[in-house]
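In: how would this look folded up:
(one chain, ligands or ions: 2)
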Amino acid sequence: MAKKSYGLETEIVHSKFTDDPHKASVAPLYQTATFKQKSLTEMGEYDYTRSGNPTRTHLQNNLARIMKANDAFAVTSGMGCLDVITKMLSPGDEVIAGDDLYGGTHRLLTYLKDKGDLKVAHYDTTNTKLIQAKVTTNTKMIFLESPTNPLIKVVDVKSIADHAHQVNPDCIIVFDNTMMSPVLMTPLDLGVDIQYESATKYLNGHHDIMAGVIATRSSKLAERIYYVINATGCGLAPYDCWLLSRGLKTLAIRVERQEQNCQRVAEFLQKIGFKVRYTGLESHPQHELHQSMCRGHGAVLSFETGSIKVSEKICELTDIFGISVSFGCVNSLISMPCQMSHASIDAKTREERALPEDLIRLCIGIENVEDLIDDLTKALLKAGAVKINSKDELYNAVSVQVQAKL
Ligand SMILES: Cc1ncc(COP(=O)(O)O)c(C=O)c1O
Ligand SMILES: N[C@@H](CCSC[C@H](N)C(=O)O)C(=O)O
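Out: Numbers count the residues shown, from 1 in each chain. Ligands and ions are numbered 1, 2, ... in the order given. The predicted structure follows:
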């Protein structure tokens, strides 16, 4: 009889783990650097944790399953993933990258470019025709992110990947799936060769570890990725693997609740007149393209107030939303990307890429959504970003409630 395949939510919770002699119901933590050999000539499966560790293998097998990959590798951070991937390139290689990539990604690519290691060209990846026109037989890698952090721009992944592979079958399409997580997107189904994610975000979900995951269906690429990880020693440590396995179990339910909350907050902010960037809103210019690639919209949105000072005040006046970088955690966060997560992109480049200095990014958690909306309303009112308008029913109700609390 064919093996039954389960839904992603079930697969995430029921991690495959069968070979423990004591039948432990949670995969044990092998907190060890070394493994004894049976004899001088007989090696076991593991010898040294840099090369491999059962706790890491357990995690990686589960990640590969939920990412629909053949192989997944856990490393020390999301940026560690990009470091491993770029180490697979050769001096002078030409790569194409988006122009709204996460600030740290931009920083590492710029570092490699400035050292003369790589030729990096950044383009607006929402312009599919432009990217397609820029791919040549010399393009070795293309770095994509969708929706982008923090401008929530959507990339037509399949059209770009298919075209690039037609022009150069060896061109490696690299996709950063941190913003969606495997619950909402399977980039490997869209022609991506290597998917990576900052597991510091949704995958772990509790902001108590740094981690990154690289996944691929190609055995050749997997071999090269493993080689770099073992050679450089950036494999995730056993305890962090164990914590990540634990966090992962609630991934589906966390993402579902975070997304529901985010949709409500996005609608609230839009209704009271802000320009909100969130793919869950029909007003998002690429709402449909996003829906055609993903199973949901995630829990990160950004909006502008029109004034840096007002945005700063809002951030400082919230109680529940913590001022913090990162996202994908159970608790809600507020930040100003130009001063925080994307400060590593210089001001001139930020301006060229139309990254608004007053942009506020909200990363929504699993709290009570009414509390979140009340908290934001209070901050918006106190910062002078909104005023009470008695003609607007919903706006009025929230404001009156908040007024009573002030
Ligand atoms: C989209 C995206 N990719 C990659 C990273 C890097 O991940 P890490 O912080 O785990 O190195 C981040 C944030 O840091 C991110 O937001
Ligand atoms: N100081 C850090 C900033 C990390 S930003 C983390 C996250 N990706 C986000 O978007 O908030 C750095 O220099 O990397």
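
In: How about the helix or strand containing residue 85 and ligand 1, touching?
Out: Assigned by DSSP states H and E, residue 85 falls within helix 78-86. Yes: against ligand 1, helix 78-86 shows contacts by Cβ under 6 Å from any ligand atom at 78, 79. C-beta: built from backbone N, CA, C; applies to glycine.

In: does any bit of that helix sit next to ligand 2?
Out: No: shown here: helix 78-86 not in contact with ligand 2 (Cβ under 6 Å from any ligand atom), separated by at least 7.0 Å.

In: Show me what that helix is packed against.
Out: Packing contacts for helix 78-86, counted by 3 or more Cβ pairs under 8 Å, 6 or more residues apart in numbering; DSSP states H and E, involve strand 71-75, helix 103-114, strand 172-176, strand 194-198, strand 212-216, helix 219-232.

In: ok, and what's touching that helix?
Out: 73, 75, 102, 104-105, 108-109, 112, 118, 141, 174, 176, 178, 194, 196-201, 211-214, 225, 228-229, 232, 234 (Cβ atoms under 8 Å, 6 or more residues apart in numbering).

In: picking that back up, quick one: closest of the helices and strands packed on helix 78-86 to ligand 1.
Out: Of all the helices and strands packed on helix 78-86, strand 194-198 sits nearest to ligand 1, with 3.0 Å by Cβ to the nearest ligand atom.

In: can you pull the pLDDT of residue 26?
Out: Looking at residue 26, its pLDDT is 92.

In: And residue 20, by the same measure?
Out: With respect to pLDDT, residue 20 scores 83.

In: and what of residue 212?
Out: Reported pLDDT for residue 212: 98.

In: just use 20 as the starting number from now, easier for me
Out: Happy to do that; since the first residue is 20 now, the last one works out to residue 231.

In: and it, how many neighbours does it have?
Out: Residue 231 has 27 neighbours, counted by other Cβ atoms under 10 Å.

In: now it: how far from residue 222?
Out: 9 Å (Cβ to Cβ, to the nearest Å).

In: any residues in contact with both of these two?
Out: residue 216.

In: Flag every residue of the stretch 170-319 of the chain that's near ligand 1.
Out: 195, 197, 198, 217, 219, 229, 231.

In: Go through these and say which is closest to ligand 2.
Out: Among those, and counting by Cβ to the nearest ligand atom, the member closest to ligand 2 is residue 217, at 6.3 Å.

In: Quick check: that closest one touching residue 199?
Out: No: assessed by Cβ atoms under 8 Å, residue 217 is found out of contact with residue 199, at 11.9 Å.

In: contact partners of the helix or strand containing residue 309?
Out: Here residue 309 sits within helix 306-312, counting by DSSP H and E. By Cβ under 8 Å, 6+ apart, the residues outside helix 306-312 that reach it are 165-166, 173, 175-177, 204, 209, 298-300, 303, 316.
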